[in-house]
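Participant: Could you look at this predicted model? Sequence included:
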Amino acid sequence: HMAEVRRLGGEIIAKARAEGRRIIVLAGRPYHVDPEVNHGIDKLIVRQGAAVVINDVDEKTASDAVATIEAEGGRATAVVAPVGPTETAQKLLAAALESFGGVDILVTNAGVLRDKTLWKMTDDDFDTVIGVHLRGTFTCVREVATHLREAGKPSRIICIGSPSRRTFMSSCSAIRAMRR
């Protein structure tokens, strides 16, 4: 798993030139298939000198992530809220503005696993996958892109989606299409 962390984190850092930047990392860690990947991405970005706003639905997980980053000399804050609703996107942007004076980069990597065959997946399972993956990406990208466009500064939006699980392949494919 750490190889995946280094690969994803390295790609993000290379694309974002993270030094001195303010980054929102949308990860929804309890939802994600492998929370270690998200924490690794946070740490790699912070080691490059970026300030990070992270997202989680679990207050302890969020505060532990912030404490770990701060213990390593980084700057971080967390927004405890479910991925997907517009209100969460607004809270993430507000946290970046209030804590760090702005946002330069958005990294979306939220995910939820409902690894079931088609005939065993419920409507609620499907709605959760689409809500977290696709709607979460959409609402955060829309909120941050609007702000970045109005600010008129160089910026990056990095959307990560994994085609490896059949239960959320359609939402990840939609994310890939949206980022183009």
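Facilitator: Received the coordinates, thanks.
Participant: C-alpha only now, for contacts and for neighbours.
Facilitator: Noted.
Participant: so where do the helices sit in the protein?
Facilitator: 2-16, 35-47, 59-71, 86-100, 123-130, 136-151, 169-179 (DSSP state H).
Participant: Just the pLDDT for Cys159.
Facilitator: Cys159 is assigned a predicted lDDT (pLDDT) of 77.
Participant: ugh, typo on my part, it should be Lys120
Facilitator: Looking at Lys120, its pLDDT is 83.
Participant: burial measure for it, as a count.
Facilitator: Counted with other Cα atoms under 10 Å, the neighbours of Lys120 add up to 9.
Participant: And for Gln90?
Facilitator: Count around Gln90 with other Cα under 10 Å applied: 15.
Participant: where does this protein dip in pLDDT?
Facilitator: 1-21, 26-46, 113, 115, 161-180 (pLDDT under 70).
Participant: switch the cut-off to 50
Facilitator: 1-2, 5, 28-35, 37, 167 (pLDDT under 50).
Participant: Buried ones in stretch 126-134, by neighbour count?
Facilitator: By neighbour count with 16 or more other Cα atoms under 10 Å, stretch 126-134 contains the buried residues 128-134.
Participant: Tell me the one of these nearest Thr61?
Facilitator: Comparing the buried residues of stretch 126-134 against Thr61 with Cα to Cα places Val132 closest, at 17.8 Å.
Participant: Now do the contacts for that closest one.
Facilitator: For Val132, the contact set (Cα atoms under 8 Å, 6 or more residues apart in numbering) comprises 83-84, 110-112.
Participant: Repeat that for Met121.
Facilitator: Met121 makes contact with Arg114, according to Cα under 8 Å, 6+ apart.
Participant: ok, it to Ala62 distance?
Facilitator: To Ala62, Met121 is 29 Å away according to Cα to Cα, to the nearest Å.
Participant: now do Val52
Facilitator: Distance of Val52 to Ala62, computed by Cα to Cα: 12 Å.
Participant: From the neighbour counts alone, determine which of these two ranks first.
Facilitator: Set side by side, Val52 and Ala62 show more neighbours around Val52, with 29 against 21, by other Cα under 10 Å.
Participant: Who is that one paired with across the strands?
Facilitator: In this structure, Val52 bridges to Ile23, Ala76 when assessed by DSSP bridges.
Participant: What's the separation between it and Thr117?
Facilitator: Look at Val52 and Thr117: by Cα to Cα, they are 36 Å apart.
Participant: same deal with Asp58?
Facilitator: Using Cα to Cα, Asp58 is found at 28 Å from Thr117.
Participant: Those two - which one has more neighbours?
Facilitator: Between Asp58 and Thr117, counted using other Cα under 10 Å, Asp58 has the larger neighbour count: 15 against 9.
Participant: Surely that one and Ala78 touch.
Facilitator: No. In this structure, Asp58 is not within contact of Ala78 by Cα atoms under 8 Å, at 10.4 Å.
Participant: State the distance from the residue lying closest to Ala89 once chain neighbours are set aside to Asp56.
Facilitator: Of all residues not flanking Ala89 in the chain, Cys140 sits nearest, at 4.7 Å (Cα to Cα, 6 or more residues apart in numbering). Taking Cα to Cα as the measure, Cys140 and Asp56 are separated by 14 Å.
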